[in-house]
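K.L.:
Structure for the following, please:
(4 chains)
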4 protein chains.
Amino acid sequence: MVTVTVWNEYRHERESEAVAAVYPDGIHTVIADALGERGHDVGTATLDEPEHGLTESVLDETDVLVWWGHKAHDEVADDVVERVVDAVHEGMGLLVLHSGHYSKPFKRLMGTSCSLKWREVGEKERLWTVEPGHPITDGLPESFEVPHAEMYGERFDIPAPDELVFLSWFEGGEVFRSGCCYTRGKGRIFYFRPGHETYPIYEQPEVQTVLDNAVEWAAPGDGPTPTFGNTDPIEELE
Amino acid sequence: MVTVTVWNEYRHERESEAVAAVYPDGIHTVIADALGERGHDVGTATLDEPEHGLTESVLDETDVLVWWGHKAHDEVADDVVERVVDAVHEGMGLLVLHSGHYSKPFKRLMGTSCSLKWREVGEKERLWTVEPGHPITDGLPESFEVPHAEMYGERFDIPAPDELVFLSWFEGGEVFRSGCCYTRGKGRIFYFRPGHETYPIYEQPEVQTVLDNAVEWAAPGDGPTPTFGNTDPIEELE
Amino acid sequence: MVTVTVWNEYRHERESEAVAAVYPDGIHTVIADALGERGHDVGTATLDEPEHGLTESVLDETDVLVWWGHKAHDEVADDVVERVVDAVHEGMGLLVLHSGHYSKPFKRLMGTSCSLKWREVGEKERLWTVEPGHPITDGLPESFEVPHAEMYGERFDIPAPDELVFLSWFEGGEVFRSGCCYTRGKGRIFYFRPGHETYPIYEQPEVQTVLDNAVEWAAPGDGPTPTFGNTDPIEELE
Amino acid sequence: MVTVTVWNEYRHERESEAVAAVYPDGIHTVIADALGERGHDVGTATLDEPEHGLTESVLDETDVLVWWGHKAHDEVADDVVERVVDAVHEGMGLLVLHSGHYSKPFKRLMGTSCSLKWREVGEKERLWTVEPGHPITDGLPESFEVPHAEMYGERFDIPAPDELVFLSWFEGGEVFRSGCCYTRGKGRIFYFRPGHETYPIYEQPEVQTVLDNAVEWAAPGDGPTPTFGNTDPIEELE
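P.N.:
Okay, here's the model as predicted:
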């Protein structure tokens, strides 16, 4: 059982009727329920809680953090960002969803602008699995459609992923690297493109399957904790 | 529970007293016992069995194949090699040990010569974990020693690994990429350097831990089986 | 100045009027002319020449080999294939074009089936640059179109490229990894998807620019020639 | 001809007699001279100049920035760091030398701690080329020694390099990934381990060859400048 914290900005849903109609209890609740039903131990945290709900003790208990943010990236306090980044370095998994590409923790961990092209007209997206041997693809079909999506198009300004799992095709003519795996420090990071505040994408079973698989993949292991700094020689020196 | 088949050339042990003294029942037996004790369902197969013990039905039942060979690589029949390669492409895991770098299946899957430098004087080797977030390092220390080893040195003529997990230091002045992960087709391949027929390296707990972890890592998942060939358009064409 | 040999099966063009109408002197001639105009020293070779035109001495003089084949892959003699593979391992560059994905040298160097989805209805393709810092993209726009193309769709059964430079979008709903860089031995390999025998794709300036850049990128360098085999210790051993 | 700016902290050399004895005019001068002799157009910049010598106009004119820093990383102003990072994203090459692993620009571009083990007893280092097909190895032997070096040992807390070119062996028993290539944005980054303020390592011809090759490799190309943000559909939508 993996301990998951689903973090959501949770502003849209309280400010916009259109968003509230799709996610009345917030995007985090839909994701948390989906992961809980699949056997994970799931909590949630949101921007307007003290310390954004991401206290030291919450992060200490979290195996995998799921991140949704969109319009208030700048309101995330820098010390909380550093806390999240440190936790990833020490082994916590991080799933960054959709517009989270522009979140502070993701940009901080990537070291690039994470910019992309976008368009919001509700066009069709089709995701193709390019690495069917990867555990994040367990139980998926070769491809699946998101009927109405906000388009994200290349050039996506990220480091080349350690593993590229999904590619997206968009009706309007663009493509996108939609499922990207990274390791930073001891932590595993998965960026997953699909999702939006006014389309019920997180209700799709294929999307929920990906999130479930990604939580398993990103969960911390039991590898050695490296020591750093000044060290004595192991071998005798001349 | 992962179904493992440990394949061994099993010639040294029957021909040399020095080898038999270290591995009286064959290298495969020591490895199989170690994996069995760790909860895997393990069988063995050897070169001099019909079809080298790697019949279609054996491979169909095998999740992960462990390969040890040294002096009789050329005696492995090409049709069995193709059968192993096909099984990897379809998702079977493959662990290639030490001198298996020159085995037909490994060379066939890598597409390179897989050549290296070597020396057999029983010098010290120290393996360093370079990716402590990788599941193959679970339960390991930062580094561990093999007191007496055959040296393998760079340049190791392999494709750049998808993931590089261990590096070796040798007393005589060389280094080596000792833990290399690949995906070919749907199958996962792990090359692990340590091992030898006259040093009891497969009795070392750290080495057994790596084999156990690698079996888990290489076990087939449940990703989609791609379809290939002529295909109709999904979208309406102009 | 890079010495290039453009190899072509050169059967279609002599057997089909439709193909001859597009490439009257063979696909190789169009490619060779384009590379020659850009300053390379270019020769050609074809399947029906002795040793397919790829004698030892031709390969010894070749910096970069460009490979086009389609319907007669099986007629390429295995000893010539091994000669090409050896030359790549020793540093010769290899550009594999379009249907060359199924050529013997490419499959031999990749170690996978190199299968894919395909459809031949002349639909539109759009190539997107995903690594604008890569030298193969010099002088290119962010994206460019091939007005009428044979579709190739994922899953493309290749090892994950060392560098992924282009992605293709297809009108019919598929995507493809269209520009893939590999190193095998000392040789650099670039797979480039666009091209067809009945569409004048190799006349497109963007396509010619890619071929020119790829020739430069794949040209052999002056790195060390590794020594392999038994070697003395460099350091004094205890 | 590549325009290079060699940046040096330039404090040790003015404060310590031992350092001044090795690099009387500063480490930057030795590196700049070596690169100048090899045909590059080289300037220098140091910490105590206004804006650390890295004004907008200097960076605008710089193809490749070489970075040496050691004891005053924290004194590099954050706005200059961001300027350097932005320049890399836009295509400027960056060579990070030895203790520059802890510099602000490198950590910012990597997104990790960049920590490592170290020891300063003047032991022997031997660098092994693991990718002899890489242009950074042009003109090098298979391995070369640094007679007296500060040891850096794994775990080096960096993202897995896009290309790993050199590995180091140390007399005291450690190994290190000593030549690491990255692309961030359109810019190419090369981390090179050797170097020290009290050993004349930058006088070694092999080290100068690597720096020369790395400057060539990291020099900006002419790939497309991506556009980001809201974009119209290219294809007609239903």
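K.L.:
Give the bridge partners for the spatially most central residue of chain A, please.
P.N.:
When Cα atoms, centre = their mean is applied to chain A, the residue found nearest the centroid is A:V96 (1.7 Å). With DSSP bridges as the criterion, A:V96 is bridged to A:W67, A:Y191.
K.L.:
What score does it have for pLDDT?
P.N.:
Looking at A:V96, its pLDDT is 98.
K.L.:
Up against chain B, what does chain A have?
P.N.:
For chain A, the contact set with chain B under Cβ under 8 Å from any Cβ of the partner chain comprises A:91, A:126, A:129, A:131-135, A:137-142, A:162-163, A:171, A:183, A:185-188, A:220-227, A:234-235. In short, each C-beta sits where N, CA and C put it, glycine included.
K.L.:
same thing but at 6 Å, please
P.N.:
By Cβ under 6 Å from any Cβ of the partner chain, the residues of chain A that approach chain B are A:129, A:132-133, A:135, A:137-142, A:183, A:186, A:221-224, A:226.
K.L.:
and the longest strand anywhere in chain A, which residues are buried?
P.N.:
Using DSSP state E, we find that the single longest strand of chain A is strand A:117-129. Within strand A:117-129, the residues that qualify as buried are A:117-119, A:123-129, counting by 16 or more other Cβ atoms under 10 Å in any protein chain shown.
K.L.:
Now do the contacts for the residue nearest to the centre of chain A.
P.N.:
For A:V96, the contacting residues are A:67, A:106, A:191, by Cβ atoms under 6 Å, 6 or more residues apart in numbering or on different chains.
K.L.:
Verify the assumption that the second one is located in a helix.
P.N.:
Yes. Secondary structure of A:F106, determined by DSSP: H, G, I helix; E, B strand; the rest coil: located in a helix.
K.L.:
Just give me the neighbour total for A:V42.
P.N.:
Counted with other Cβ atoms under 10 Å in any protein chain shown, residues neighbouring A:V42 total 23.
K.L.:
same question but for A:P233, I mixed them up
P.N.:
A:P233 has 16 nearby residues by other Cβ under 10 Å.
K.L.:
Put the buried members of the residues of chain A next to chain B into a PyMOL selection.
P.N.:
Filtering these down to the buried ones (16+ other Cβ under 10 Å) takes a single PyMOL command:
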select buried, chain A and resi 129+132+133+135+137+138+140+142+183+186+221+223+224+226
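K.L.:
Do you have the strands of chain A handy? List them.
P.N.:
Per DSSP E, chain A carries strands over the ranges A:3-8, A:41-46, A:64-68, A:93-97, A:117-129, A:143-153, A:163-170, A:175-184, A:187-192, A:229-230.
K.L.:
Reformat these into a markdown table and put distance to D:V42 next to each item.
P.N.:
As requested, the strands of chain A are arranged in a markdown table below (distance: least, Cβ to Cβ, whole Å):
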| stretch | distance to D:V42 |
| --- | --- |
| strand A:3-8 | 48 |
| strand A:41-46 | 51 |
| strand A:64-68 | 44 |
| strand A:93-97 | 41 |
| strand A:117-129 | 38 |
| strand A:143-153 | 40 |
| strand A:163-170 | 38 |
| strand A:175-184 | 34 |
| strand A:187-192 | 38 |
| strand A:229-230 | 34 |
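K.L.:
Return the residues of chain A in contact with chain C.
P.N.:
Going by Cβ under 6 Å from any Cβ, the residues of chain A near chain C are A:126, A:128, A:130, A:154, A:167, A:169, A:173, A:175.
K.L.:
got a markdown table for these, with pLDDT too?
P.N.:
Listed next are the residues of chain A next to chain C as a markdown table, based on pLDDT from 0 to 100:
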| residue | pLDDT |
| --- | --- |
| A:R126 | 98 |
| A:W128 | 98 |
| A:V130 | 98 |
| A:E154 | 98 |
| A:L167 | 98 |
| A:W169 | 98 |
| A:G173 | 98 |
| A:V175 | 98 |
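K.L.:
Quick check: the two most widely separated of those?
P.N.:
Spatial extent of those (Cβ to Cβ) is set by the pair A:V130 and A:G173 at 19.5 Å.
K.L.:
got a list of contacts for the lengthiest helix in chain A?
P.N.:
For chain A, the longest helix by residue count, based on DSSP state H, is helix A:205-218. Residues from elsewhere that reach helix A:205-218 (Cβ under 6 Å, 6+ apart): A:2, A:4, A:34, A:38, A:40, A:64, A:93, A:95, A:135-136, A:138-140, A:144, A:188, A:190, A:194, A:201.
K.L.:
Of the residues of chain A next to chain C - the most surrounded one?
P.N.:
Neighbour counts for the residues of chain A next to chain C (other Cβ under 10 Å) peak at A:W169, which has 29 neighbours.
K.L.:
just checking, that residue touches C:E171?
P.N.:
No. Checked against Cβ atoms under 6 Å, the pair A:W169 and C:E171 is beyond contact range at 10.1 Å.
K.L.:
Surely A:P132 touches B:G187?
P.N.:
No. Taking contacts as Cβ under 6 Å, A:P132 lies outside contact range of B:G187: 10.5 Å.
K.L.:
hang on, the earlier thing: show me which of the contacts of helix A:205-218 are buried.
P.N.:
Buried by 16+ other Cβ under 10 Å: A:2, A:4, A:34, A:38, A:40, A:64, A:93, A:95, A:135-136, A:138, A:140, A:144, A:188, A:190, A:194, A:201, out of those.
K.L.:
how about the residues of chain A that lie near chain D?
P.N.:
Counting by Cβ under 6 Å from any Cβ, chain A comes close to chain D at A:109-112, A:115, A:117, A:119, A:123, A:155, A:157, A:160, A:162, A:171-173, A:184-185, A:226, A:228, A:231, A:233-235, A:237.
K.L.:
ok, now with 7 Å
P.N.:
Counting by Cβ under 7 Å from any Cβ of the partner chain, the residues of chain A lying close to chain D are A:89, A:108-113, A:115-119, A:121, A:123, A:153, A:155, A:157, A:159-160, A:162, A:171-173, A:183-185, A:226, A:228-231, A:233-235, A:237.
K.L.:
Quick check: ChimeraX command selecting the buried ones in the residues you listed.
P.N.:
Restricted to buried positions by 16+ other Cβ under 10 Å, the ChimeraX selection for the residues of chain A next to chain D reads:
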select /A:89,108,109,110,111,112,113,115,116,117,118,119,123,153,155,157,159,160,162,171,172,173,183,184,185,226,231,233,235
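K.L.:
A:L35: what's it in contact with?
P.N.:
Neighbouring residues of A:L35 by Cβ atoms under 7 Å, 6 or more residues apart in numbering or on different chains: A:4, A:42, A:211-212, A:215.
K.L.:
Take the residues you listed and lay them out in a markdown table including pLDDT.
P.N.:
What follows is these, written out as a markdown table (pLDDT from 0 to 100):
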| residue | pLDDT |
| --- | --- |
| A:V4 | 98 |
| A:V42 | 98 |
| A:L211 | 98 |
| A:D212 | 98 |
| A:V215 | 98 |
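K.L.:
between those residues, which is closest to D:E75?
P.N.:
Comparing these against D:E75 with Cβ to Cβ places A:V4 closest, at 41.4 Å.
K.L.:
partners of the closest one in the sheet?
P.N.:
As for beta bridges, A:V4 partners with A:V42, A:V64 under DSSP bridges.
K.L.:
Return the residues in contact with it.
P.N.:
A:V4 touches A:35, A:40-42, A:63-64, A:66, A:215, counting by Cβ under 7 Å, 6+ apart.
K.L.:
One more: A:G111?
P.N.:
Going by Cβ under 7 Å, 6+ apart, A:G111 touches A:159, D:108-111, D:184.
K.L.:
do the same with A:L59
P.N.:
Neighbouring residues of A:L59 by Cβ under 7 Å, 6+ apart: A:83-84, A:87, A:92.
K.L.:
One more: A:E125?
P.N.:
A:145-146, A:149, A:168, A:170.
K.L.:
Now for A:F190: which residues touch it?
P.N.:
Residues in contact with A:F190 (Cβ under 7 Å, 6+ apart) are A:95, A:136, A:181, A:214, A:217-218.
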